[in-house]
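In: Below are the sequence and a predicted model; questions follow.
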Amino acid sequence: MARPLTPPPHHFGRKGEAPPPGTVTGNQVHGTVVLRLGGHPPALSGADGDVVLTHLPGATVGVRTADCLPLLLSARNGTVVAAVHAGWRGTVAQVAAAAVRAMESDHGVTPKEIHAWLGPCIRPCCYEVGPELAATVREHFPQWAGQVIGTFRSGRPTLDVALLNRLQLTALGVTRIDDSGACTHCHNGYESYRRDGAASGRMVSWIRCAPEEPA
Ligand SMILES: [Zn+2]
């Protein structure tokens with residue numbers, strides 16, 4: 001009998017929290033490289049990449065952020081999971097799509113099977129950006145620019161990174177998407193690079209791969 005659809009253990013980090021021991025994160029470089037964690041012992045920590053994908057039962061993968069979007073993905077009752085780092089650069093480069101496609105090519109997971117969670121990140125209430133970035137987003141995503149680019153009280157543009165990731169996931173066919181809605185810059189319980197600069201730390205959000213499905 002199929003087990004009930006249960007999300008695997010996952011958590012969005014807050015200021016001062018430590019991730020579970022053994023959490024594997026990549027050396028995030030604002031790109032779209034997918035790190036695959038597929039052997040014992042997990043030894044990928046520190047390799048360059050902004051997605052960590054695993055199907056290793058019990059393995060925990062994580063993403064470090066302070067304003068960038070942490071995106072957690074799960075499929076098949078958590079037997080395939082990924083942690084994604086999506087700042088504006090990775091979002092423009094469609095790092096979420098890279099993660100979804102890797103789940104598909106490696107494990108045959110279809111987008112409809114994926115559950116996505118969008119974590120705390122800097123939101124349009126606080127994310128004033130330069131006109132160059134707004135122009136880049138308009139160029140790459142003309143169909144969504146009106147939704148994701150707004151106007152800050154200064155008159156300069158804002159960017160909704162979380163919404164742009166949601167739209168990308170939806171376009172790929174992912175239907176189960178939960179958004180925390182939280183703004184790292186508004187709430188002191190989160191690290192925010194924009195607010196605290198070099199003094200800001202990084203929060204680790206993580207997701208743990210479920211045990212194997214019984215045969
Ligand atoms: Zn805010």
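Out: Yep, it's here. Please read all numbers here as calculations on a predicted model, not as lab measurements.
In: Could you list every helix and strand that the least confident helix or strand in the chain by mean pLDDT packs against?
Out: When each helix and strand of the chain is scored by mean pLDDT, DSSP states H and E, strand 34-37 comes last, with a mean of 92. Counting contacts by 3 or more C-beta pairs under 8 Å, 6 or more residues apart in numbering; DSSP states H and E, strand 34-37 is packed against strand 51-54, helix 95-107. Bear in mind the C-beta positions are built from the backbone N, C-alpha and C, glycine included.
In: partners of it, with directions?
Out: strand 51-54 (parallel) (DSSP bridges).
In: Name the residues of the strand it pairs with that come out as buried.
Out: By neighbour count on 16 or more other C-beta atoms under 10 Å, the buried set for strand 51-54 is 51, 52, 53, 54.
In: now swap in stretch 24-44 and tell me
Out: Result for stretch 24-44 [16+ other C-beta under 10 Å]: buried residues 24-26, 28, 30-37, 42, 44.
In: Just the CA trace of that stretch, in CSV.
Out: Only the C-alpha atoms of stretch 24-44 are listed here, as CSV (Å, rounded to 0.1, in the frame of the first residue of the first chain):
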residue,chain,number,x,y,z
VAL,A,24,25.6,19.3,2.8
THR,A,25,25.7,22.7,1.1
GLY,A,26,27.4,23.8,-2.0
ASN,A,27,29.9,26.6,-2.5
GLN,A,28,27.2,29.0,-3.9
VAL,A,29,28.4,31.0,-6.8
HIS,A,30,25.0,32.5,-8.1
GLY,A,31,25.0,30.0,-11.0
THR,A,32,22.9,27.0,-12.1
VAL,A,33,25.3,24.1,-11.5
VAL,A,34,23.6,21.1,-9.8
LEU,A,35,25.6,19.1,-7.3
ARG,A,36,24.5,15.5,-7.0
LEU,A,37,24.9,13.8,-3.7
GLY,A,38,24.8,10.2,-4.5
GLY,A,39,27.4,8.2,-2.5
HIS,A,40,28.5,7.4,0.9
PRO,A,41,29.9,9.3,2.7
PRO,A,42,28.4,12.5,1.4
ALA,A,43,31.4,14.5,0.4
LEU,A,44,30.2,17.3,-1.8
